[in-house]
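Student: When you get a sec, could you give me coordinates for this:
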Amino acid sequence: MSPNVHALDRARASLSKIQRPDRAEVEAAVRTIIRWTGEDPDRDGLRETPARVTRAFEEFFAGYAQDSVDILKKTFEEIEGYDEMIVLRGIRFESHCEHHMAPIIGQAWVAYIPNGRVVGISKLARVVDVYAKRLQIQEKMTAQIANTINDVLEPQGVGVIIKASHHCMTTRGVHKPDTDLVTSRMLGCFRDNALTRQEFLGMAT
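Tutor: Now for the predicted structure:
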C-alpha cells in the first residue's frame, strides 16, 4: 500500500477525533439562524424546520462517515488481459463549498487504465459521492478522487475531470449564473502520454 493511502488513513483518524455535537445542539443552532434572519422559529411553518435541516445536513455531509479506500478494495483480476482505458462519464454529484456552504452541482468524468485488475464501475461513482458529500473546494475534490483511485488500484494511470456550477458565485456575490468551473487531475500515463490524455479529454467534452 502506497504512502498516500497511509496518509488517507491518518486523515480519517483525525476526523474521527472531532467532537461532534448531538442532534439537539444542531437543531438549536438552526433555530438561532432562523431568529437571526428576523423570523420566528416557533410559527407553524418553521416549527419543524430545525429537525428537517438537521436531517438534510446528515445527507449532504454523509461522506465524512464513509471510507473511500474500502469502497475500492474489492477488485476483479479475470479481465483477459484488458489494458485499455475505462471511463465512467457524467457522474452527477451535489456538494457544498467550504467557504459559504452553498451548493456545488456538477458532473465528474473518471478514467483509469488497469494494471491487471479492475473495480466495479459503481464503485467509481461511489468514490465521487464520498468526497462530494463533504465541505469542499472543487480543486481538492478532483485531486482526492484521482489520488485515491491511483493509490488503491495502482493502475497505469488515472484521469479525473470535474465540471460544476458553484452557487456561491451564481446566486450570490458576483451573480454569474451561466458559469461553470472545470478542473482536472492526470496521473501516470494520463500525465505522461499526450495521446492518452487527449483521448480522455475528447470523451469529456
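
Student: burial count for residue 196?
Tutor: Per other CB atoms under 10 Å, the neighbour tally for residue 196 reads 20. For every residue, glycine as well, the C-beta is placed using N, CA and C.

Student: can you confirm it is in a strand?
Tutor: No: counting by DSSP: H, G, I helix; E, B strand; the rest coil, residue 196 is located in no strand; its state is helix.

Student: Report the separation between it and residue 157.
Tutor: Applying CB to CB, to the nearest Å, the value for residue 196 to residue 157 is 7 Å.

Student: what's the answer for residue 67, then?
Tutor: 24 Å.

Student: Tell me the helix or strand right after the helix or strand containing residue 29.
Tutor: Here residue 29 sits within helix 23-37, counting by DSSP states H and E. Going down the chain from helix 23-37, the next helix or strand is helix 49-60, by DSSP H and E.

Student: Next, count neighbours for the closest residue to residue 116 other than its chain neighbours.
Tutor: Nearest in space to residue 116, with sequence neighbours left out and distances taken as CB to CB, 6 or more residues apart in numbering, is residue 77 at 6.3 Å. Look at residue 77: counted by other CB under 10 Å, it has 8 neighbours.

Student: What of residue 183?
Tutor: Quick note: residue 183 (other CB under 10 Å) scores 18 neighbours.

Student: And the contacts of whichever strand or helix holds it?
Tutor: Under the criterion of DSSP H and E, residue 183 resides in strand 181-188. Here strand 181-188 makes contact (CB atoms under 8 Å, 6 or more residues apart in numbering) with 113, 138-139, 142-143, 145-147, 150, 155-166, 197, 200.
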